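A.B. asks: coordinates for the following, if possible.
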Amino acid sequence: MSRQPDALMAARAWALAFCSSLEGAYEDYPFHDPNWAVMRHRANQKTFALIFERQGHIWINVKAEPQWVDFWRSTYAAVLPAYHMNKQHWVSIVLDGSIPRKTLCRLIEESHALTAPHSAKRNPRASRPAP
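C.D. replies: Reported below is the predicted structural model:
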């Protein structure tokens, strides 16, 4: 079942706000398509999340440690092989309400840490405001 437009907008707004709250993050639209928001590190321009609407839901692609990809996919039906990304290192998360917010935040924070500039990888959660 697809979500109503207000629910889609709220899910997208939450995802953008949470990603933007992470240290050094910024929002980019390199595909010239407002549906595809790319969240990047200011220091190295690496992508840590892609946020987009697909099949009536907001999706987020995030990077994950390869040894955890199968765990996340087998634990939550809303975690899928990454749409348009390397399936070994990235997963897609469908924001359908089935994954606890704390888990979503953890997955996004881990992606942020995995793609951080080398000096930031030593302390990935340094001085970040609470969601």
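A.B. asks: mind checking the longest helix of the protein?
C.D. replies: As assigned by DSSP state H, the longest helix anywhere in the chain is helix 5-21.
A.B. asks: now it: mean pLDDT?
C.D. replies: Averaged across helix 5-21, the pLDDT comes to 95.
A.B. asks: what's it packed up against?
C.D. replies: In terms of contact count using 3 or more C-beta pairs under 8 Å, 6 or more residues apart in numbering; DSSP states H and E, helix 5-21 is assigned the packing partners strand 25-28, strand 37-41, strand 47-54, strand 57-63, helix 101-114. For glycine as for every other residue, the C-beta is placed from the backbone atoms N, C-alpha and C.
A.B. asks: most packed of those?
C.D. replies: Each of the helices and strands packed on helix 5-21 was given a mean neighbour count from mean count of other C-beta atoms under 10 Å, and the largest, a mean of 24, is that of strand 57-63.
A.B. asks: residues making contact with that one?
C.D. replies: Judged by C-beta atoms under 8 Å, 6 or more residues apart in numbering, the contacts made with strand 57-63 from elsewhere in the structure are 2-3, 8, 11-12, 15, 48-53, 82-85, 89-96, 104, 107-108, 110-111, 114-115.
A.B. asks: out of the helices and strands packed on helix 5-21, the one nearest residue 71 is which?
C.D. replies: Each of the helices and strands packed on helix 5-21 was scored for nearness to residue 71 using C-beta to C-beta, and the closest is helix 101-114 (11.2 Å).
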